[in-house]
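J.: I would like to see how this sequence folds:
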Amino acid sequence: MPKRLSEASLADLPSAVVRPRYDRREVSSGIVHLGVGAFHRAHQAVYVDDVLAQDPRWGIVAASLRSPDTYDALEPQNGLYTLSIRSGEGEALRVVGSIQRVIVAPRAVEDLLRAMADPRTRIVSLTVTEKGYCHDPATGTLNESHPDIVHDLQNPHRPRSAPGFILEALRRRWVAGIAPFTVLTCDNLPSNGHTVKRVLTRFAELSDPAFGRFVADEVSCPSTMVDRIVPATSDEDRRRIREALGVTDVWPVVTERFTQWIIEDRFPQGRPPWENAGAEFVTDVEPYERMKLRLLNGSHSTLAYLGYLAGYETVADAMAESAFERLIAGLMDEEVTPTLHMPTGADLDAYKYALIERFKNPALRHRTWQIAMDGSQKLPQRLLGTIRDRLRENAPVERLALGVAAWMRYVTGIDENGAPIDVRDPMAAHLRERADRAGGSPEQLAGELFAVREIFGDDLPNDERFTGAVGAALVQLYANGSKRTVAEWSQPVRS
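T.: Coordinates of the predicted model:
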């Protein structure tokens, strides 16, 4: 069996494999990252890796808030892992070395808090997915009844949640007179920096009003927009990369060539020179964030639910069908683009063209089931905000409503052939209970799910333009199935 990827085996790699261009022994930690998943390792960690030769003070201490899997994979590899960039033209391999060590938070709470409270830590970044912020997706405010928030308020020295860890570390710095770190969220939340600031401030106020004022006045939470498609790593990916490297990498990461990072430049304690790695610093990230959430993420979720129901394992499989491509192009052009207001120089047509080509990339096996996860948290940002804007303009929402209807059909937990769907969602049990009460009736199912205020709020369930469009689409999905429905809806929509 090939030996393991590590510092000792770097010299044995083939010459075509790119490896760190700096001495890792000279790197110190300036960033603590919460949520060390595949996306972080394919995106932010790569940007950091690109600039460590210029400024070695920005190495990463990466923390997993739940599972030890990433620690178990990377610890024997000295934090090293392989980045595979795949396209129709082939594969390029690179070893990334910016992660210095990994902490499993439940096993080492104090270790993680010490790292975050260390004066050398000037940025705490996050990729914990929408649900990791313990907020109400419909309002963007702290969910004060969330079990982890309740626990962390009662046990601040033993936090479980990302907000809990951040605030306990900030509190320690506040008491010690150490300047607060910048909180840099890289998740798909609307106005993500503002949302995180609102969540953290409210949490801090509940624990201590004076501390709440400190967080409100002194903690910087710049907004960001991140964009790179990162499918789950498969056993075939591991085998292929092992053969190319000549050593075993237990958890490589596979991604596409395209990458984008747009950041509001608000870092009181300093930041890495990420602009030298291709990041773009702006005064207001909101237009770019909205562009990505609505065009990429909204289309992705629509593809995921409709594609899964139609029997397609991956996004590329679905997009190989011309009807799916036409549907998504129409969704982007006719229903999403009119809601976007971009700065001068932003090329929406080029971005949309690139998205279609990225979705069609056969080398990326991005599973529809993976994208479909956590829909109750994603729908408000990816589809419902666009729908609200369209309704304010009294404009059609048919294709957007079809995406919502496909989600409703999906969360019943039973596919079009009567087989079970493994629905992964923090509200899965509640949604399934409501779906079961509907008894197979699409009309009753729509009514049951519209009543979930955490997703749809109070306004949309009372707007007949929205409920009528979603209800009609859901009836059609039940009657004709996803594949035939997409074929019919991919034609021009009647206004």
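J.: and stretch 406-426, which residues are buried?
T.: If you call a residue buried by 16 or more other Cβ atoms under 10 Å, then stretch 406-426 has these buried ones: 406-416, 421, 423, 425-426. Any C-beta I mention is one placed from the backbone N, CA and C, and that applies to glycine too.
J.: how's this structure carved up into domains?
T.: With automatic domain parsing as the criterion, the domains of the chain are listed as 10-282, 286-489.
J.: related to what we said a few turns ago, widest-spaced pair of the buried residues of stretch 406-426?
T.: 416 and 426 (24.9 Å; Cβ to Cβ).
J.: touching, residue 16 and residue 93? I think so.
T.: Yes - applying Cβ atoms under 8 Å, one finds residue 16 in contact with residue 93, separated by 7.3 Å.
J.: between those two, who's got more neighbours?
T.: Each of residue 16 and residue 93 had its neighbours counted (other Cβ atoms under 10 Å), and the higher figure belongs to residue 93 (21 against 8).
J.: residue boundaries of the helices in the stretch 101-250 of the chain?
T.: Using DSSP state H, counting those that start in this stretch, the helices of the stretch 101-250 of the chain run over 109-117, 147-154, 162-176, 192-207, 209-218, 235-245.
J.: what packs against the shortest one?
T.: Judged by 3 or more Cβ pairs under 8 Å, 6 or more residues apart in numbering; DSSP states H and E, helix 147-154 is in contact with helix 162-176, helix 192-207.
J.: tell me which residues of that helix are tucked away?
T.: Of the residues in helix 147-154, 148, 149, 152 count as buried by neighbour count, 16+ other Cβ under 10 Å.
J.: quick check: the last one vs residue 2, distance?
T.: Separation of residue 152 from residue 2 (Cβ to Cβ, to the nearest Å): 43 Å.
J.: same thing with the second one?
T.: Here residue 149 is placed at a distance of 45 Å from residue 2 (Cβ to Cβ).
J.: same question, the first one
T.: Counting by Cβ to Cβ, the separation of residue 148 from residue 2 is 41 Å.
J.: residue ranges in the protein under the pLDDT threshold?
T.: Across the chain, the ranges flagged by pLDDT under 70 are 1, 491-495.
J.: where's the residue nearest to residue 18 when sequence neighbours are not counted, which helix or strand?
T.: Across the structure, with Cβ to Cβ, 6 or more residues apart in numbering as the measure, the residue nearest residue 18 apart from its sequence neighbours is residue 94 (4.0 Å). Applying DSSP states H and E as the criterion places residue 94 in strand 90-96.
J.: what helices and strands are in contact with that strand?
T.: When contacts are defined as 3+ Cβ pairs under 8 Å, 6+ apart, strand 90-96 sits against helix 44-51, strand 81-87, helix 235-245.
J.: where do the strands sit along the stretch 201-350 of the chain?
T.: Using DSSP state E, counting those that start in this stretch, the strands of the stretch 201-350 of the chain run over 224-227, 253-255, 260-264, 280-282.
J.: with mean neighbour count and distance to residue 176 as added columns, please give the ones you listed in JSON lines.
T.: As requested, the strands of the stretch 201-350 of the chain are exported to JSON lines (neighbours: other Cβ atoms under 10 Å; distance: least, Cβ to Cβ, whole Å):
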{"stretch": "strand 224-227", "mean neighbour count": "23", "distance to residue 176": "28"}
{"stretch": "strand 253-255", "mean neighbour count": "25", "distance to residue 176": "36"}
{"stretch": "strand 260-264", "mean neighbour count": "20", "distance to residue 176": "27"}
{"stretch": "strand 280-282", "mean neighbour count": "16", "distance to residue 176": "30"}
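J.: which ones are touching residue 164?
T.: For residue 164, the contact set (Cβ atoms under 8 Å, 6 or more residues apart in numbering) comprises 148, 149, 151, 152, 156, 203.
J.: how about residue 121?
T.: Contact criterion Cβ under 8 Å, 6+ apart gives 29, 30, 31, 32, 61, 115, 181 as the residues in contact with residue 121.
J.: sounds good, over and out.
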